[in-house]
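Q: what shape does this take:
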Amino acid sequence: MPSTAYEGIELTVYSLDRATPLSASEHLRKLIEETKARPGLSTEAQNVLRALDIRQADSRHALDYAYLSFDQALVPHPRADLLQGVRKSLIESYPDIRVQWRTHAGLDKTRRLTFAMDSHAQVQEVGPKLKEWLEKRKYRTLTTFTSRASGTWRITYDFLDPTHLEAIFLSPPVIGGRTYYPTRPRFIIPTYGYQIAIIGCHDWQSAKATLDQFIRQLCRRDDAPDPLVHSRMELGGDVYTAVLHDWDSRLKVAENGPALETFLSRHVLGRHISPAPQPGLLYCLNGSGLFLRQGMVDRERSSLELQQQRHELDAVRQQGLEQIRTLYSTLALTNEAITAMNARLGHSLAAMTNLAAQHALDAQANQLEFSIADLRCEHDQCQLILVLGHRVPEEMRQHSLRRMRECEEQLNERRRQVIELRKRMSVIGPRTPSPAEPALPSPLTHSPPPVPAIPPVASGDLSGAATQRDLSMDTAPRQRQG
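A: Prediction:
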């Protein structure tokens, strides 16, 4: 284990093999060996790689990460700059892995979510359902355990993909009509090895500018560059964090809480700050739980109000779900009614089309019948002329003979057309629903008004044509007999 002089000068390499507890460290060692074997590597880079120390994260559980630091026997003084170079080289050479500065001592908690439960019975009831909910969304977990810290039952998950944490926060699980809101540890992921943190900056708007001035005044040296590389506020303004130029400046700031208190007492903008903020190594503060206790103050003030709001939100969510179910049920009934009306309309249109087609064919048939009747009449007249023999001129008889033959041909053609029309009428006949069609709903209650009866046609309207045809057909036999 690294000594206190090396606290925080260590990398965590993620997305490694995790078949056994040793798989991650062996995988990382293989990557380092591949990096060493690359051609064109400088002597200094080879020495840096030889000085690396690889450690497994846990000896009992198969995890996907391992730790990377320097062997203190080969690199006695902390060198975050050299380790940062190794980090950049691994990221560029192996894009499938993640390399970060180690956040805190102990097992990694950067991908951890916790769900609070009311009792152990609820843990046994909700636990399997929560697991099923995660598996359904393909949120793969690394470890899972149940604990009872501070009297509260909790189900804790460590996830493989860090992006899944944000997805669960945006859309927490809803089980049995209740929303289970996750929580996660409060920490700050370091951006560099020489990083410090100062806690207790809540509601202090000028904290960054004031503490920047304190660090420059405390660590200033005439023969050295600016000791402050960069700084920013974290955790909603509760914590000030800064990256320093070297290890000595980092220790000097972390160990000089009294100096910070004295500086603030003399500062025009810092006199009102009470109690005075406390500096420390970011790596140590991440693992000490101080960030968690800082956040608990505000949460305790509004815990009852937040709990009430969550219950109200669950009630509103349940009402919304019921309204959505009602809406979907109404839409389903409406769609069924529309489907039935469409089917009925389709049948009506089909019936009207058939009726129109039948009327058109009937009209054509009537025209053919009238044409046949006229041709028969003309044929009989020509035949009568031929029966008269020499009583009529020869030319008239020849013309009547030709015309009678033409009438016979036309009569045959008209009869063929009538047969075709009858076939078409039999095909178009009244349409009946096929067995595959769904049964139609009951008809409307209000039936349409009855169709008025068609008045009979007067017999005298067609009597002239009928009489003429009968007379012409009866005259021929009488003439033949004469």
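
Q: any low-confidence regions in the stretch 351-482 of the chain?
A: 429-482 (pLDDT under 70).

Q: tell me where it has helices.
A: Under the criterion DSSP state H, counting those that start in this stretch, the stretch 351-482 of the chain contains helices at 394-428, 463-481.

Q: what's the answer for the stretch 101-250 of the chain, then?
A: Ranges of helices within the stretch 101-250 of the chain are 120-136, 163-170, 207-219, 247-254, based on DSSP H, counting those that start in this stretch.

Q: pLDDT on the third one, on average?
A: Across helix 207-219, pLDDT averages out at 92.

Q: what residues sit buried inside stretch 58-76?
A: 62, 63, 64, 65, 66, 67, 68, 69, 70, 72, 75 (16 or more other CB atoms under 10 Å). (Glycine included, C-beta is placed from N, CA and C.)

Q: and residue 49, what element?
A: helix 43-50 (DSSP states H and E).

Q: next, the nearest residue to residue 264 once chain neighbours are set aside: phi, psi?
A: Closest residue in space to residue 264, ignoring its immediate chain neighbours: residue 270 at 3.4 Å, by CB to CB, 6 or more residues apart in numbering. The phi/psi pair for residue 270 (degrees, to the nearest 10) reads phi -110, psi 0.

Q: try residue 69
A: phi -150, psi -170.

Q: so who does it touch?
A: Going by CB atoms under 8 Å, 6 or more residues apart in numbering, residue 69 touches 2, 6, 9, 10, 11, 52, 53, 55, 83.

Q: ok, it to residue 403 distance?
A: 122 Å (CB to CB, to the nearest Å).

Q: residue 314 now?
A: 99 Å.

Q: and if you look at residue 91?
A: Residue 91 is 107 Å from residue 403, by CB to CB.

Q: so which residue is dead centre in this structure?
A: Closest residue to the average C-alpha location of the chain: residue 137 at 11.0 Å, with CA atoms, centre = their mean.

Q: how about the strands in the chain?
A: When secondary structure is read from DSSP state E, the chain shows strands at 11-14, 52-56, 66-70, 98-101, 112-117, 141-149, 152-159, 174-175, 178-179, 182-183, 195-199, 228-234, 239-244, 278-281.

Q: narrow the contacts of residue 69 to just the buried residues.
A: When these are checked against 16+ other CB under 10 Å, the ones flagged as buried are 2, 6, 9, 10, 11, 52, 53, 83.

Q: closest to residue 353 among those residues?
A: residue 11 (80.0 Å; CB to CB).

Q: residues contacting the helix holding residue 49, please?
A: Under CB under 8 Å, 6+ apart, the answer for helix 43-50 is 32, 35, 36, 74, 82, 85, 86.

Q: return the set of buried residues in that helix.
A: Applying a neighbour-count criterion of 16+ other CB under 10 Å, the buried positions in helix 43-50 are 45, 48, 49.

Q: so what's the predicted local confidence for the last one?
A: What it means is residue 49. So, for residue 49, pLDDT stands at 93.

Q: and if you look at residue 30?
A: 96.

Q: try residue 154
A: pLDDT, read off for residue 154, is 94.

Q: who are the contact partners of it?
A: 114, 115, 116, 117, 146, 147, 148.

Q: so the second one sits right up against residue 155, yeah?
A: Yes - Residue 115 lies in contact with residue 155 (CB atoms under 8 Å); the separation is 4.8 Å.

Q: can I get stretch 367-377 as CSV, trimmed to CA atoms?
A: What follows is stretch 367-377, C-alpha atoms only, in CSV (Å, rounded to 0.1, in the frame of the first residue of the first chain):
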residue,chain,number,x,y,z
GLN,A,367,-81.8,-1.8,-75.7
LEU,A,368,-80.8,-5.1,-77.2
GLU,A,369,-84.3,-6.5,-76.8
PHE,A,370,-85.8,-3.5,-78.5
SER,A,371,-83.3,-3.8,-81.3
ILE,A,372,-84.0,-7.6,-81.6
ALA,A,373,-87.8,-6.8,-81.8
ASP,A,374,-87.2,-4.2,-84.6
LEU,A,375,-85.0,-6.6,-86.6
ARG,A,376,-87.6,-9.4,-86.3
CYS,A,377,-90.3,-7.0,-87.6
